[in-house]
Each structure stands twice: as C-alpha cells, then as structure tokens.
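A predicted structure for the sequence below; I have some questions about it.
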Amino acid sequence: MIKKYVMIFIVVLAVSAGAGWVFFGCAFEEEISHDPAPCEEEDYIVIGLSQIGSESDWRNANTESFKSVFTAGNGYYLLYEDAQQKQENQLKAVRDFILQEVDYIILDPIVETGWDTVLMEAADAGIPVILVDRQILLENDELYTCWVGSNFREEGRAAGRWLEDYLKLQSRENKEIRIVTLQGTPESSAQIGRTSGFADVLSEHDNWNMLDKRNGEFTQAKGQEVMRDFLKLYEDIDVVVSENDNMTFGAIEAIEAAGKTCGPGGDMIILSFDAVRAAIQFMQAGKINAVFECNPLLGPKVAEIIERLEAGEQVEKIQYIEETYFDTSMDLEKILKERVY
Ligand code: GZL
C-alpha cells in the first residue's frame, strides 16, 4: 500500500468585490492537511505521528529524528501531533489520522493502557500502526504492526550492575547503601522498566536500602522538587537513581542548594538515564557518575520498516534499538563530539 496521491497543483479562483483573488494550493482529495503540502504531483507515503510532548531533551531529539526522515524529499508527507503529555490528545490525534486516511500511524504511547479501542478503529480502517519508544499492554497484539524502542528493564539492570562494580572499587560492597529514586511518568513503560530493572539487581544486595521512590514526571522542575523533599526526609542519601536526565538536572540543583555535593567524590552517587548531551557535560563537570543511554534516534529505523512494509515484506514484531552507557572513566570529550543529541 498504498501511496496517497497528492492532487496536483490546484488553482482555486475566487473572485470577490471586484478583486480577483487567486488561491494557489494543494490538497489531498479529501482533506486540506495541517501545512500546505508540496505543490507537485508526487506519490507520498502519508504518516500520522502522535508524539507524547516536549517534556525532555530526549523527547525533542526523538521528535527531530522522525521529522528529519519523514520529509517530502524522502517521499513522505508527515502529519505531526504533539499531545502535550495527555493521553486524550493522543487518542484524538489517532482518530484524526484515521479520518485523513493516512498510510501509516506512528504512536509513542504515553502510558501502557487505554489503547485497545482506538487501535481497533485503525485496524478497521486498514491503517498499520507502528509503536515507538514506549510500550502498551494489549489484549490483542495484532492491533499493531511492530514496536521499536529501548529495552527499559535492561537499562535499569545496567544501572544496577554499574553500581555494583563502582561500590566494589570503593570497597563499599558490604556497607549500607541508602538509595532514592526519581521515577518517570507513572505507568509509562520507561518508568516501569527502569524501576523493575534496577530492583532486579537491588534484590541481590541485602545492604542496599531503597529509601523512597517518587514521581518526578521526567521534568527538571519536578525532579528538583522531589529531590528537595528527599533531602528533607532522609539523612545520608548515598545514591540517587534518576529515570531521566532532565530530572537529574533538577536533582543536582536541589542537592547543591542544600549545601551537598554529587558525582565522583561527592556526597551522593548520581545515576541517570537518557544520556543527552547536557548529561555528558554534567559528567564532565563531575556532577553525574554514569548515564545509561536511551537512544531517541528511532526515525531511520522506523523509515526502514515502512519501506519494507511498502515492499510487502514481513517485519519483526519487537525491534530493540542499540544502546550503551557512559561514565567518568571514559573520554567524554570524544563522546560529546560523536553524539548527535
Ligand atoms: C524513554 C522515553 C522517556 C525518556 C524521557 O524511551 O519514553 O520519556 O527517558 C522522556 O526523557 O521524557
């Protein structure tokens, strides 16, 4: 399927009050798109992208990754909807895409539940849905073509393994380790996976004490607020696990405002997820110990999947994106030069 043909250059002549108005524009047979579509006859693959919002640096890099591949020059016409962190806006966007008869829907679901009905509607309309980044819980997994993203639980485990090794280096493997966690959006697969993955490793250490876990909403402001509360509630926090870099930036502000230090040699070990550029720079400044990458650059992989589907191929249902971690033992200057987000 099924390339949507943009109607050629439509010249709409409308005359009013003695003045001739000529409107130049293009439209799909059925719908005027959000932005004026390219005014030449081309067959475009029309993509409806429902994005969660712009809550974090990671999210912005993820959005840019899609916008940079789904361009007219690459044979696509992209309808982009920012849900501003509200599931109801995503549900509305998907229904708009169905009405506009897009060729593919790309959905990054803010939380794991509440999608069965709208995905059934997309299936009834014969529109393939590709899920990206976060995952969903579905009665019938036939309602989406495939999912592309990170292994969040593995990210959480990687952070736990890194902490094991780091504490050994400090001869603290048998000392009491007091930990707090800044969690991401509740019930998002990133939060669920990172929390569970770290807990998998924590369960192997009787001397690791998880003092508290609270929702920092994946934002800097909320992360600062939650960390400030943790500092008031708990003496001698040894480790802060922060489920995204933006919350980490807020936590660092709160820690320093409380007259404490963090990062290598500081009062607290800071473990963060995403590995956006600013986080690597904070590591260079000695304020974060390690960052666990969550690769937002999903655009090229999703475009490759669509091209394969267009060619009539089958695609794997679950497709993990490659990721790694970075810490202060590495050449951070070199890493920064190579990072594209
Ligand atoms: C993870 C993604 C998370 C990031 C946060 O794949 O869903 O949402 O870790 C972002 O930065 O807000």
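That came through fine. What you see is a predicted model; the values in this text were computed from it and never measured.

got the residues of the stretch 151-300 of the chain near the ligand?
A190, F218, N244, F273, D274, C294 (C-beta under 6 Å from any ligand atom). (Each C-beta comes from the backbone N, C-alpha and C, glycine too.)

please spell out which residues along the strand or helix carrying the first one are buried.
Looking back up the chat, that one is A190. Assignment of secondary structure by DSSP states H and E places A190 within helix 189-202. Across helix 189-202, burial judged by 16 or more other C-beta atoms under 10 Å covers S189, A190, Q191, I192, G193, R194, T195, G197, F198, A199, V201, L202.

out of these, which is nearest to the ligand?
Closest to the ligand out of the buried residues of helix 189-202 is A190 (3.8 Å), distances taken as C-beta to the nearest ligand atom.

go ahead and confirm N89 touches D96.
No: assessed by C-beta atoms under 8 Å, N89 is found out of contact with D96, at 10.3 Å.

count of residues packed around the residue lying closest to E256 once chain neighbours are set aside?
Closest residue to E256 apart from its sequence neighbours, by C-beta to C-beta, 6 or more residues apart in numbering: C262 at 7.8 Å. Residues within reach of C262, counting by other C-beta atoms under 10 Å, total 25.

who's in contact with C262?
C262 sits next to V240, A251, I252, I255, E256, M268, I269, I270, K287, I288 when contact means C-beta atoms under 8 Å, 6 or more residues apart in numbering.

switch to 6 Å and redo it
Applying C-beta atoms under 6 Å, 6 or more residues apart in numbering to C262 gives the contacts I255, M268, I270, K287.

pLDDT at it, what is it?
The model reports C262 with a pLDDT of 97.

tell me which residues touch K287, please.
If you count contacts by C-beta under 6 Å, 6+ apart, K287 has them with I252, C262, G263.

now do 7 Å
Shown in contact with K287 (C-beta atoms under 7 Å, 6 or more residues apart in numbering): I252, C262, G263, I270.

secondary structure of the last one: a strand, I assume?
Spelled out, that is I270. Yes: under DSSP: H, G, I helix; E, B strand; the rest coil, I270 sits within a strand.

what's the separation between it and the ligand?
Per C-beta to the nearest ligand atom, to the nearest Å, I270 is found 16 Å from the ligand.

check V180 too.
Going from V180 to the ligand by C-beta to the nearest ligand atom gives 18 Å.

pull the number of nearby residues for that residue.
Neighbour number of V180 under other C-beta under 10 Å is 25.

could you say which helix or strand holds it?
Residue-wise, V180 maps onto strand 177-183 under DSSP H and E.

ok, now D206?
Under DSSP H and E, no helix or strand contains D206.

gap between it and the ligand?
As for D206, its distance to the ligand is 30 Å (criterion: C-beta to the nearest ligand atom).

likewise for A72?
Relative to the ligand, A72 is positioned 28 Å away (C-beta to the nearest ligand atom).

in helices only, show me the contacts of K287.
Among these, the subset assigned to helices under DSSP state H consists of I252.

what mean pLDDT does the helix or strand following the helix holding A190 have?
For helix 189-202, the following helix or strand on the C-terminal side (DSSP H and E) is strand 208-215. Averaging pLDDT along strand 208-215 yields 98.

walk me through which strands strand 208-215 pairs with, and which way each runs.
strand 177-183 (parallel) (DSSP bridges).

quick check: which ranges of the stretch 201-341 of the chain have low pLDDT?
Counting by pLDDT under 70, the stretch 201-341 of the chain contains no low-confidence range.

where along it do the strands fall?
208-215, 239-242, 269-274, 290-293, 318-320, 325-327 (DSSP state E, counting those that start in this stretch).

which other residues reach the third one?
It refers to strand 269-274. 58, 155, 159, 163, 166, 194, 238-245, 248, 262-263, 279, 287-292, 294.
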